[in-house]
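> got a sequence here, can you model it:
(chains A and B)
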Amino acid sequence: MSTTAVAEAATPGGSKEEQEALQASIFQRLHPRAYLERFLAEGFRPDGRALDAWREVSVNTGSISTADGSALVRLGNTTVVCGVKAEIAEPELDAGARGFLVPNLDLPAMCSPRFKPGPPSEDAQVLSDRLTEALTSSGVLPLESLCIHPGKAVWVLYVDATCINYDGNAFDATLLAMVAALKNTRLPVATYDETTRRTTCSRKEPRRPLELGRIPVSASFGIFDSNQVLADPTAFEEPLLDTTISVLLNEGSGELISVSQFGLGSASCDALGVCIAQARAQGKRARI
Amino acid sequence: MNASRPIQISYDGLARVDGSARFSFGDTVALASVSGPIEVRLAAELPSQATFDVSVRPLNNVPSTESKSQAATIRSAIAPSLILNKNPRTLIQLVIQTLSPTSTPRWTDGLLAAMINSSTLALLNAGSVPMRGVVCAIAIGKTRDGELLVDPEEARVAELIQGGCFAFMVADGAGLESNSTTVWTNWRALERTFDEMGLMSAREAAKDAIKGVYASMKSSIMPERIGHGDDDKMEI
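Residues are numbered from 1 along each chain as shown, chains lettered A, B, ... in the order given. Predicted coordinates for the structure are as follows:
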């Protein structure tokens, strides 16, 4: 963050702006909470956003040719790549006409210094579980649409997301990436042959998109000091927050699907109401 | 509003931990054990407060990502009630074992409420961790006809279109009304959508139902002292 500032200020007679920038970045490192409080007192956050402002979102689909569907999402500096791979499997005995949707998020060591190499960290596991919960509870993909032949063959969709750059709010970025990848997915037409007991995919017929249900959109907020609501927290703000509230909305109608709270602090009912209102406003803005 | 399923509390007295408690709503049972403050490994040591570690063990199979997520949830519900800076550089370890199967995978909130309640009781049973309140949790469901069910039983889960678990921190002093604050919630619409009025009315119903849970917890700890008003002297 400040290595160039240190090198320049080491030379005697470094400019006044460089000296001030160095002092500000030292203050940010040593007293992050006080640094954030000073900004919030003026009504802004360290990256210049207002308390309820969201970062720029960009979505790029279909870039991975080897995957059946893919998407790349940039939420500010947070970058998540998601690919969908389809396989054929036998369904479960008591759910013969239902396919499988297996989402997973990986937070490798390259996206942030706080993640070490090795098995998936607790953050990655908890986020993967929350994403599975969000995709199932919103009904984005009715599993009956993945059936090829009841009791014999169904599609399994592995939705794998990897974070390339972590700057806070991985949940929103990943959910957006997963939904975009599912919208981009094209499956071949598959037929199950009763006599040979094999499934074949047609090479001639064009691939078909998935039959999607409700499209969920997530809006996450951090609560600072029990009463300040910060929309879309960055990686600097996240460790300083008491708790995080995620609101899931239906993309089409803007109606609420779920509200959940994560983190060690408690949120007052006013904070919950503020979050829901801001999430609705953001949903409306995104649809225009 | 219906009452929750019958609550049963027992303090098993597990031999090798500092405190333990079993809590059940009908046949949804959870057992929690607490050890602490105990020695912490160097990597997890915090300089100014105790490390609070939660693990959840499911009834069958090895702990999966769902158990990790439940542990993170329970940690976020219980942590606001603990005063962790009284014992820095130590560990408070909470382990919760589910003792009943979940027949419907989409509704685990009854079990979650039982797990949070058993954790609170285990912490009270240990008596070694300073606390600023008692966290009580209850599951609420809303049926298609708009009826709010407190702690819905397995047979009625299929009728629910909205549901979730609410956890409140109760600090008995000025009375339940002013002291119970919502510590955690995960309200969601299982089908279609919900509106804020639905969420607020469910929260009010939960706040009302918590009184019953809190009363059961209190009577399990001090059975003779209910109704003695401000007679707070402990007779040794």
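> for the rest of this, base every contact and every neighbour count on C-alpha atoms.
Fine.
> residue ranges of the strands in chain B, please?
Remark: strands assigned in chain B by DSSP state E are B:7-10, B:19-25, B:28-38, B:51-57, B:91-98, B:134-143, B:148-150, B:160-170, B:181-189.
> now swap in the stretch 101-250 of chain A and tell me
For the stretch 101-250 of chain A, the strands identified by DSSP state E, counting those that start in this stretch occupy A:147-149, A:153-165, A:186-187, A:190-193, A:198-201, A:208-209, A:216-224, A:228-231, A:243-250, in order along the chain.
> dump the ones you listed into TSV; add distance to B:L31 as well.
Converted to TSV, these look like this (distance: least, C-alpha to C-alpha, whole Å):
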stretch	distance to B:L31
strand A:147-149	40
strand A:153-165	35
strand A:186-187	46
strand A:190-193	48
strand A:198-201	47
strand A:208-209	47
strand A:216-224	32
strand A:228-231	36
strand A:243-250	27
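> who is A:S58 paired with across the strands?
A:R74 (DSSP bridges).
> hmm, A:R74 and it touching each other?
Yes. Between A:S58 and A:R74 there is a contact at 5.2 Å, judged by C-alpha atoms under 8 Å.
> out of the strands of chain B, which gets nearest to A:A279?
Nearest to A:A279, of all the strands of chain B, is strand B:181-189, at 15.2 Å by C-alpha to C-alpha.
> show residues contacting the closest one.
A:137, A:256-262, A:265-269, B:76-77, B:80, B:135, B:161-170, B:194, B:199 (C-alpha atoms under 8 Å, 6 or more residues apart in numbering or on different chains).
> need the strands of chain B in CSV with mean neighbour count, can you?
Putting these into CSV (neighbours: other C-alpha atoms under 10 Å in any protein chain shown) gives the following:
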stretch, mean neighbour count
strand B:7-10, 17
strand B:19-25, 26
strand B:28-38, 24
strand B:51-57, 20
strand B:91-98, 21
strand B:134-143, 27
strand B:148-150, 23
strand B:160-170, 25
strand B:181-189, 24
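> and A:K152, how many neighbours does it have?
21 (other C-alpha atoms under 10 Å in any protein chain shown).
> just the pLDDT at it, thanks.
Reading off the confidence values, A:K152 has pLDDT 90.
> tell me the contacts of residue 138?
I went with chain A, as the question did not name one. A:214-216, A:250, A:257, B:190-191.
> wait, chain B was what I had in mind.
Per C-alpha under 8 Å, 6+ apart, neighbours of B:I138: B:110, B:113-114, B:150-151, B:165-167, B:206, B:209-210.
> try 10 Å this time
The neighbours of B:I138, taking C-alpha atoms under 10 Å, 6 or more residues apart in numbering or on different chains as the test, are B:4, B:25, B:109-114, B:116-117, B:150-152, B:164-168, B:185, B:205-207, B:209-210, B:213.
> now swap in A:D106 and tell me
A:80, A:119-121, A:123-125, A:127-128, A:160-164.
> please redo it, this time with the cut-off set to 7 Å
When the contact criterion is C-alpha atoms under 7 Å, 6 or more residues apart in numbering or on different chains, the partners of A:D106 are A:120, A:124, A:161-163.
> with B:G141 instead?
When the contact criterion is C-alpha under 7 Å, 6+ apart, the partners of B:G141 are B:148-150, B:152, B:160, B:162-164.
> likewise for A:S70?
If you count contacts by C-alpha under 7 Å, 6+ apart, A:S70 has them with A:61-64, A:82-84, A:181, A:184.
> go on, B:E66?
The contact partners of B:E66, taken as C-alpha under 7 Å, 6+ apart, are A:D129.
> elements contacting the longest helix belonging to chain B?
Using DSSP state H, we find that the single longest helix of chain B is helix B:196-221. With contacts taken as 3 or more C-alpha pairs under 7 Å, 6 or more residues apart in numbering or on different chains; DSSP states H and E, helix B:196-221 sits against strand B:134-143.
> direction included, what does the strand it packs on pair up with?
Counting by DSSP bridges, strand B:134-143 is paired with strand B:148-150 (antiparallel), strand B:160-170 (antiparallel).
> what comes up buried for the longest helix of chain B?
For helix B:196-221, burial by neighbour count (16 or more other C-alpha atoms under 10 Å in any protein chain shown) applies to B:199, B:202-203, B:205-207, B:209-211, B:213-214, B:217.
> give me the residue from the stretch 1-150 of chain A nearest chain B.
When distances are taken as C-alpha to the nearest C-alpha, the stretch 1-150 of chain A reaches nearest to chain B at A:V126, 4.7 Å away.
> OK, contacts around that residue?
B:65, B:68-69.
> on that earlier part again, of all the strands of the stretch 101-250 of chain A, which one comes closest to chain B?
Ranking those by proximity to chain B (C-alpha to the nearest C-alpha) places strand A:243-250 first, at 8.1 Å.
> mean confidence score for the closest one?
Strand A:243-250 shows an average pLDDT of 88 in the prediction.
> neighbouring strands - and their directions - for it?
If you go by DSSP bridges, strand A:243-250 pairs up with strand A:216-224 (antiparallel), strand A:256-263 (antiparallel).
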